[in-house]
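[1] This is the structure alone, sequence omitted:
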């Protein structure tokens, strides 16, 4: 089973990274490996909406996204973790998602969705932010839903942690680390 985790946070050792370490621990305990993708450390252009992928389903820009495209094609479980900034996923994560327009064209224009593979394709979204209201997390989930459906992930769970802002504050949350650990275990046990 190929498991891909996206760390959408630009902050090193921040709340998102702490959460992802717990997720990776849970998955590795089950004998699985996780490919971690961190957009903030990659060199890639944002989507320029040139239309180059409309007839082929392949992005014409050759940069660090090339490896991401391959990982997404081969993946079966996807974890997207991001802070919520201004009611949205981080800019770095959103730029990566925008570059998946090639998959959108492949699926919806060319009618060639990514194959589900022997394990199916499932997702987990984990968001954390300083706001206390749910609306910002719902907005982030709307974007993630569009991404997941575009890469042929038909269902995903969304876990979010409001009122968590300062670096490391997620450790003080009474259930966060346990919640993401359990969600990661469930993710890899799910079948289509």
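    Everything's here; your move. All values derive from a computational prediction rather than experimental measurement.

[2] Please determine how far the residue nearest the centre of the chain is located from residue 110.
    For the chain, the residue nearest the mean C-alpha position is residue 80 (2.3 Å; CA atoms, centre = their mean). Distance check for residue 80 against residue 110: by CB to CB, to the nearest Å, it reads 24 Å. Every C-beta, even on glycine, is put in place using the N, C-alpha and C of the backbone.

[3] Now do the closest residue to residue 163 other than its chain neighbours, the pLDDT please.
    Take residue 163 and drop its neighbours on the chain: the residue closest to it by CB to CB, 6 or more residues apart in numbering is residue 132, 4.8 Å away. Residue 132 is assigned a pLDDT of 90 by the prediction.

[4] sec struct for residue 132, please.
    In three-state terms, and counting by DSSP: H, G, I helix; E, B strand; the rest coil, residue 132 is coil.

[5] Assign the residue nearest to the centre of the chain to helix, strand or coil.
    For residue 80, the assignment made with three-state DSSP gives strand.

[6] Let me see the contact set for it.
    For residue 80, the residues meeting the contact criterion (CB atoms under 8 Å, 6 or more residues apart in numbering) are 5, 6, 8, 89, 93, 123, 124, 125, 126, 144, 147, 148.

[7] swap in residue 59?
    When contacts are counted by CB under 8 Å, 6+ apart, residue 59 is found next to 52, 53, 65, 69, 99, 101, 102.

[8] next one: residue 131
    Residues counted as contacts of residue 131 (CB under 8 Å, 6+ apart) are 84, 137, 162, 163.

[9] please redo it, this time with the cut-off set to 7 Å
    Residue 131 makes contact with 84, 162, according to CB atoms under 7 Å, 6 or more residues apart in numbering.

[10] next one: residue 20
    When contacts are counted by CB under 7 Å, 6+ apart, residue 20 is found next to 5, 7, 81.

[11] Dump those into TSV; add distance to residue 153 and pLDDT as well.
    Conversion of the contacts of residue 20 to TSV gives the following (distance: CB to CB, whole Å; pLDDT from 0 to 100):
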residue	distance to residue 153	pLDDT
5	14	97
7	18	97
81	15	97
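
[12] quick one on the thing from earlier: what subset of the contacts of residue 59 is buried?
    The neighbour-count criterion (16 or more other CB atoms under 10 Å) marks 53, 65, 69, 99, 101, 102 among those as buried.
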